[in-house]
Structure formats: structure tokens, C-alpha cells
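Participant: Structure, please.
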Amino acid sequence: MILYQYIISGLVLIIAFNFMLNCFYFRKPRNCKIKEQSENSFVSVLIPARNEEGRIGKCLESLVQQHYENFEILVLNDHSSDQTELRIIQWAEKDSRIRLIQGKELPVDWTGKGWACQQLGEQAQGDLFLFTDADTWHNEQALASAVSEMQTSRADLVSLWPRQVAITWSEILVIPFVHVLLLFFLPHWMPGKFRSLGAANGQYLLFRKSAYKKIGGHATVKGHLVDDVALAREVKVRGLKLLNLDGSALVSCRMYENVAQLWEGFTKNLRAGFEDSVASFLFLFAIQSFVLCFPFFALAGVFWFPEILPFVALQLTVIFSLRVILAFKCKQPIVSCLFHPFGQLFVLAIALNSWMKTARGGVSWKGRNYSR
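Facilitator: Numbering: from 1, shown residues only. Here you go, the predicted structure:
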């Protein structure tokens with residue numbers, strides 16, 4: 001029992017050390033002055049939209065108000081069955097920078113979003129490609145800040161990680177784990193071309209056109225359900241520069257609006273994010289179970305094994321402290337920290353469902369079924 005507590009405590013401290021290092025790298029965009037507008041790169045803002053009638057208007061309204069002059073907005077209507085196309089047309093009539101593209105039929109070996117983004121990239125005229133989602137909305141300085149960072153850092157891909165809006169209880173419990181997984185477990189401070197170090201957020205991907213073409217665009221990851229991570233890994237292995245930044249002050253996103261959407265969305269993503277590495281999936285599942293979840297249940301064991309109290313107290317203090325720091329850094333609801341073990345169990349349940357769905361042949365998203 002004591003040996004086990006030493007191991008768990010050591011792993012908790014390693015996670016804390018990795019998180020604190022990551023905080024220096026996962027920073028907010030610098031307040032850099034962009035070049036004169038006449039010298040700025042022309043940006044193509046590219047939005048795939050499928051059944052987004054309730055969201056696309058807010059997204060476009062925020063984009064047309066950007067404090068950046070040289071850009072176009074291309075929105076692809078991906079065979080929507082609602083009023084998405086009408087909403088896009090209404091906005092295109094208000095602003096000539098907005099252009100509607102009708103999506104082509106989905107090829108059998110593509111995912112829906114990947115195919116939509118590929119078509120957008122083929123139509124884009126910019127020197128920079130910004131892929132963003134229809135459920136995002138943008139601070140008026142967001143585009144200028146991202147372009148400024150790209151100019152200053154000479155990055156090939158800048159990915160801003162938006163503030164993840166959580167309203168319902170299922171969202172409050174689970175959504176913050178997007179940043180938990182990103183900053184607790186990935187060593188962003190580690191240099192190298194290792195594929196496993198690649199990560200990015202498809203809600204905001206700013207590519208240099210040359211870099212996007214060099215990796216082969218979305219065609220390179222056409223069958224991948226988590227295309228943003230797959231693209232980031234391609235950037236890494238090809239020796240291009242990837243920059244992940246805290247965009248919580250510049251971009252917001254509400255990924256899901258109810259527990260059914262949340263369950264389906266993360267079921268699609270969690271297993272696929274590990275590609276074909278069963279070992280990596282099982283390893284991270286075990287670490288989350290025994291390091292970030294079990295210490296809370298170990299509290300009950302203190303009555304029978306009082307000698308473990310100092311270890312359990314250390315583990316819980318570190319876990320809660322990290323969650324609180326992360327909540328303030330990334331604008332997460334503080335209440336999610338108090339219910340950490342419940343959120344962690346929820347995530348583990350979705351991960352198991354993702355594993356089983358994948359093993360049985362496939363997952364679904366937005367009316368489409370995907371099999372491995």
C-alpha cells in the first residue's frame with residue numbers, strides 16, 4: 001500500500017512539473033503590432049458548415065468585425081438539411097467578403113469535415129488559410145493577433161485554443177478535460193519531430209499556404225476522424241514549426257449543447273485521437289484512472305490505513321491546485337474543479353464507449369457513420 005502511494009504521488013508530481021513547464025509555452029498571444037495593412041498577408045477564413053443554422057450567424061458576425069483588412073470568408077454548406085445555406089446567403093448579401101460554396105458528394109474514404117476543408121482549401125485565394133468552426137465566435141482582435149504571432153514567430157501553423165463555453169452540467173464536468181489532456185500529459189516544451197508531440201485545435205488553425213500544401217492538405221489525413229491532431233502531427237514530422245497558444249481571450253466556442261451531443265462527439269474523437277496506438281490509449285486511460293481519479297476513492301481507505309493520509313493529502317492538494325490554476329488560465333468554470341472526480345469518471349466512461357464503438361466497426365457524427 002505504501003509503495004503504491006509513493007508511485008501515485010510521484011506520478012502526480014511529474015504531471016504537475018510537466019504542467020508548469022507547459023504554462024510557459026502555452027501562452028496567450030503577445031501584444032505584437034502587426035505590419036501595415038498594405039503589407040499584411042491576405043487571409044482566407046475557411047468554415048465548413050453542416051446543419052449550423054443556429055450558430056453560423058454569430059460566427060460570421062464576429063468575423064466581419066475583425067480589425068484586419070485583407071481577408072475573405074469562404075463558407076462551405078456541407079449538405080445541410082436545415083436553414084444553414086439561407087443564413088450564409090443572408091450574410092453574403094450584407095458583406096461581399098463572404099462567399100458560399102456548395103459541398104460536393106462525400107467520397108467513401110473521406111471524413112465529412114476533412115472533405116469540406118479540402119474543398120475550401122482548393123477555393124481559397126489567400127497566402128494564409130484560417131480553418132475555423134461554425135460554432136466559434138471571435139474577438140475583433142483575434143485575426144490580427146494570430147497573424148502577428150505568425151509573423152513574429154515564423155510559425156507554419158498557429159493554433160489558438162479557444163475558451164470552451166460550458167453551460168449544462170455535462171459540459172461543466174467534461175469540457176474542461178480538453179485542456180487537462182492537452183496540458184497535463186503532452187510535453188509542449190519538448191523539441192523534436194516526434195509525431196506523438198503534435199497537437200492542434202481544429203476550431204482555429206492558421207496555416208501558411210505553403211506549409212498546408214507541403215503536408216498535402218487535408219488529403220493527407222482524409223480518413224482521420226481527428227483531423228486537427230493528424231494535421232499537427234504531419235507538421236511536426238516534416239520539421240515545420242507548430243505553435244499552440246492560449247486563445248481563451250480571443251476566441252470562444254461552445255462545442256456541444258447537451259449530453260447527447262457531448263457523448264457522441266467525444267466518442268468519435270477519443271479513440272481516434274490515438275490513431276493505431278492501442279498501447280498509448282491504454283496507458284493514458286490507466287494514468288487518468290489511477291493518478292487523477294483513484295486518490296479520491298483512497299480517502300475512504302484512510303480509516304483503515306491511516307499511514308496513507310499524508311500521501312493522499314498531497315495527491316488531492318496537487319490535483320485540485322492544478323485544476324484551479326488551469327481554470328483561471330483557460331477561463332473554465334471553477335465549479336468544475338470541485339467536481340473533478342465525477343468529470344474524470346465521465347471522461348473515462350466516454351473513452352470506454354469510444355473504444356467499444358471503434359472495435360465494433362465505427363462511430364457516428366452528424367448523421368454520418370464512420371468505420372475503421
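
Participant: Report the residue ranges of every domain in this protein.
Facilitator: Listed domain ranges for the chain are 2-23+274-370, 25-166+187-255 (source: automatic domain parsing).

Participant: for the closest residue to residue 233 other than its chain neighbours, phi and psi?
Facilitator: With C-beta to C-beta, 6 or more residues apart in numbering as the criterion, residue 233 has its nearest non-adjacent residue at 3.3 Å, and that residue is residue 198. For the C-beta atoms, the positions are set from N, CA and C on the backbone; glycine is no exception. Residue 198 adopts backbone torsions of phi -80, psi 130, taken as degrees, to the nearest 10.

Participant: So which of the domains of the chain is the most surrounded?
Facilitator: Counting by mean count of other C-beta atoms under 10 Å, domain 25-166+187-255 has the highest mean neighbour count of the domains of the chain, with a mean of 19.

Participant: Give me the mean pLDDT for that one.
Facilitator: Averaged across domain 25-166+187-255, pLDDT comes to 93.

Participant: One more: stretch 308-325?
Facilitator: Stretch 308-325 comes out at a mean pLDDT of 95.

Participant: And the contacts of that stretch?
Facilitator: Here stretch 308-325 makes contact (C-beta atoms under 8 Å, 6 or more residues apart in numbering) with 1-2, 5-6, 8-9, 12-13, 15-16, 19, 23, 176, 180, 184, 292, 295-296, 298-299, 301-302, 334, 336-337, 340.

Participant: So for residue 264, which of the domains of the chain sits nearest?
Facilitator: Within the domains of the chain, the stretch nearest residue 264 is domain 2-23+274-370; the backing value is 6.4 Å (C-beta to C-beta).

Participant: what about that closest one, distance to the chain center?
Facilitator: Offset of domain 2-23+274-370 from its chain centre (C-alpha atoms, centre = their mean, to the nearest Å): 18 Å.

Participant: And it, end to end?
Facilitator: 46 Å (C-alpha to C-alpha, to the nearest Å).

Participant: for stretch 298-316, same thing?
Facilitator: Distance between the two ends of stretch 298-316: 10 Å, counting by C-alpha to C-alpha.

Participant: Over to stretch 294-313?
Facilitator: The first residue of stretch 294-313 is 13 Å away from its last residue (C-alpha to C-alpha).

Participant: and the next element down the chain from whatever helix or strand residue 63 lives in?
Facilitator: Using DSSP states H and E, residue 63 falls within helix 56-64. Using DSSP H and E, the helix or strand that follows helix 56-64 towards the C-terminus is strand 71-77.

Participant: Just want the angle from that next one to helix 56-64.
Facilitator: Put simply, strand 71-77 runs at 170 degrees to helix 56-64, going by axes from the mean of the first three to the mean of the last three C-alpha atoms, to 10 degrees.

Participant: Given strand 71-77, what are its sheet partners and their directions?
Facilitator: Applying DSSP bridges, strand 71-77 is found paired with strand 43-49 (parallel), strand 98-102 (parallel).

Participant: Alpha carbons of that strand, as CSV, please.
Facilitator: Taking C-alpha atoms only, strand 71-77 is exported to CSV below (Å, rounded to 0.1, in the frame of the first residue of the first chain):
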residue,chain,number,x,y,z
PHE,A,71,-9.3,38.7,-45.8
GLU,A,72,-12.1,36.7,-47.4
ILE,A,73,-14.6,34.3,-45.8
LEU,A,74,-15.5,31.1,-47.5
VAL,A,75,-18.3,29.0,-46.0
LEU,A,76,-19.0,25.5,-47.4
ASN,A,77,-22.5,24.3,-47.0
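
Participant: and for whichever helix or strand comes after it, what are the contacting residues?
Facilitator: Counting by DSSP H and E, the next helix or strand C-terminal to strand 71-77 is helix 84-94. Contact partners of helix 84-94, identified using C-beta under 8 Å, 6+ apart, comprise 49-53, 56-57, 60-61, 64, 75, 77, 98-100.

Participant: hmm, try it at 6 Å
Facilitator: The contact list for helix 84-94, computed with C-beta atoms under 6 Å, 6 or more residues apart in numbering, reads 49, 52-53, 56-57, 60, 75, 77, 98, 100.

Participant: Mind picking the two most distant members of those?
Facilitator: Distance extremes for the contacts of helix 84-94: the farthest pair is 53 and 98 at 15.8 Å, using C-beta to C-beta.
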